[in-house]
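In: prediction below, plus the sequence it came from.
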Amino acid sequence: EYNEEQLRETCTKLGIGIDPSMGKGKLIDEIFGAKCEPLLIQPTFITDYPVEMSPLAKRHEDRPHLVERFEAICNGKEICNSFSELNDPIDQRQRFEDQLVLGKRGDDEAMVLDEDFLRALEYGMPPTAGLGIGID
C-alpha cells in the first residue's frame with residue numbers, strides 16, 4: 001500500500017538500484033526480486049499481485065488493489081506465471097493509459113494503447129486465463 005515515493009525510499013534504504021522511469025509496479029518487482037525471490041527454495045506460489053504489476057490481469061474480486069495472478073517459484077527462480085485475463089474494456093483502457101505515462105517516463109517495458117484489442121473487449125470477451133511455463 002506504499003505510494004511511489006515510499007517505495008523509492010525503501011529501495012534506497014535496501015540498496016536496490018532504481019531510475020526515474022520506474023513506476024510503482026516496477027519498484028515493487030525490484031524489491032521482491034532482490035530481497036524475496038532468491039530466498040524461495042521450496043516450491044512456492046506467490047498470489048494476488050498489485051494491480052500496477054499486471055496491466056492485463058483481472059482485478060481481485062474482494063481486493064481491488066490486487067489482481068488474480070500467481071507465479072510459482074522454486075530454487076529462487078520463477079518457473080511459471082499465470083493470471084485471469086482482464087475482460088473489462090473500461091478498466092483495460094485506464095491501465096493502458098497508465099502504461100503510456102510510464103512509457104513517457106522512459107519505461108521501455110510499458111505497454112502501448114491497443115485500440116483493436118480494446119474494441120474487441122467492448123464486443124465481449126469470455127473469462128479466460130493463461131499459463132506460461134518457462135524452465136531455462
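Out: Good, I have the coordinates.

In: give me the most central residue, the chain.
Out: Central residue of the chain (CA atoms, centre = their mean): M53, 1.8 Å from the mean position.

In: enumerate the helices of this structure by residue range, in sequence order.
Out: With helices called from DSSP state H, the chain shows them at 4-14, 24-35, 89-104, 115-123.

In: comparing the ones you listed, which comes out most buried?
Out: Most buried of these, by mean neighbour count (mean count of other CB atoms under 10 Å): helix 24-35, with a mean of 18. To be clear about C-beta, it is placed using only N, CA and C from the backbone, and glycine gets the same treatment.

In: what residues does it touch?
Out: Contacts to helix 24-35, defined as CB atoms under 8 Å, 6 or more residues apart in numbering, come from residues 2-4, 7-8, 10-11, 14, 16-18, 22, 46, 50, 52-54, 102, 107, 109.

In: what residue in this structure is the furthest from its centre?
Out: Y123 (25.3 Å).

In: kindly provide the distance from the residue nearest to the residue nearest to the centre of the chain when sequence neighbours are not counted to P43.
Out: If you skip the residues right next to it in sequence, M53 has G25 as its closest partner in space, 4.0 Å away by CB to CB, 6 or more residues apart in numbering. For G25, the distance to P43 (CB to CB, to the nearest Å) stands at 25 Å.
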